[in-house]
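Enquirer: Need a 3D model of the sequence below.
(one chain, ligands or ions: 1)
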Amino acid sequence: MENIAQSRRKFITTLTLASVSLGLLWRYLSPPAVSRRRVVARVPRTDIPAEGALVFLQERLALMREGDTIFALDLVCTHLGCTVTVTGSGLSCPCHGSRFDRQGRVLNGPADRPLGRLKVEEHDGMIEVVT
Ligand code: FES
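Expert: The predicted structure follows:
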């Protein structure tokens, strides 16, 4: 009877050690998680006009520059999703006439929320908009 209990204990211990070893081996051999970082626009900093904007129509975004500060605005109107256009004085929506300032804040509706901001990173003088 004692022999059966000992061999059962030995079997369970071996099984546990084998499971842990296989788990560690799997973790070591499996590839690292792929980054979900996606660059949607990439330009040299010098391409963005001072106090101006660089528009990426297909990506529906604009890189805005104010002094040394660069930020990206999502050009999808917060009213019903039309593409907002950049004008000399701000941004306006051709669909229902919402207007936004250069920071993306609503000047007049029907849109009631500011334009979205996108994440901007700078690497070696290159500006990247990432999602
Ligand atoms: S979709 Fe822009 S104001 Fe309506």
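Enquirer: Going by C-alpha atoms from here, please, whenever you check contacts or count neighbours.
Expert: Will do.
Enquirer: interface residues of the chain facing the ligand?
Expert: 77, 79-82, 93, 95-98, 110-111 (Cα under 6 Å from any ligand atom).
Enquirer: Tell me which stretches of the protein form strands.
Expert: Under the criterion DSSP state E, the chain contains strands at 39-44, 53-56, 61-66, 69-74, 85-86, 91-92, 99-100, 106-108, 117-123, 126-130.
Enquirer: Give me the sheet partners of the third one and which way each runs.
Expert: Looking at strand 61-66 with DSSP bridges, its paired strands and their directions are strand 53-56 (antiparallel), strand 69-74 (antiparallel).
Enquirer: is it true that A53 touches G67?
Expert: No: A53 is beyond contact range of G67, at 11.9 Å (criterion: Cα atoms under 8 Å).
Enquirer: Please say which of those two ends up with more neighbours.
Expert: Counted by other Cα atoms under 10 Å, A53 and G67 do not tie: A53 has more neighbours, with 24 against 10.
Enquirer: domain assignment for the chain?
Expert: Here the domain parsing of the chain from automatic domain parsing is 1-30, 39-130.
Enquirer: mind checking how far the first one is from the chain centre?
Expert: So the one you mean is domain 1-30. 43 Å (Cα atoms, centre = their mean, to the nearest Å).
Enquirer: W26 and the ligand, how far apart?
Expert: Separation of W26 from the ligand (Cα to the nearest ligand atom, to the nearest Å): 50 Å.
Enquirer: same question, V20
Expert: Distance from V20 to the ligand, by Cα to the nearest ligand atom: 56 Å.
Enquirer: shouldn't G67 be in contact with G52?
Expert: No: checked against Cα under 8 Å, the pair G67 and G52 is beyond contact range at 9.7 Å.
Enquirer: Give me the residue ranges of the chain where confidence is low.
Expert: 1-2, 33-35 (pLDDT under 70).
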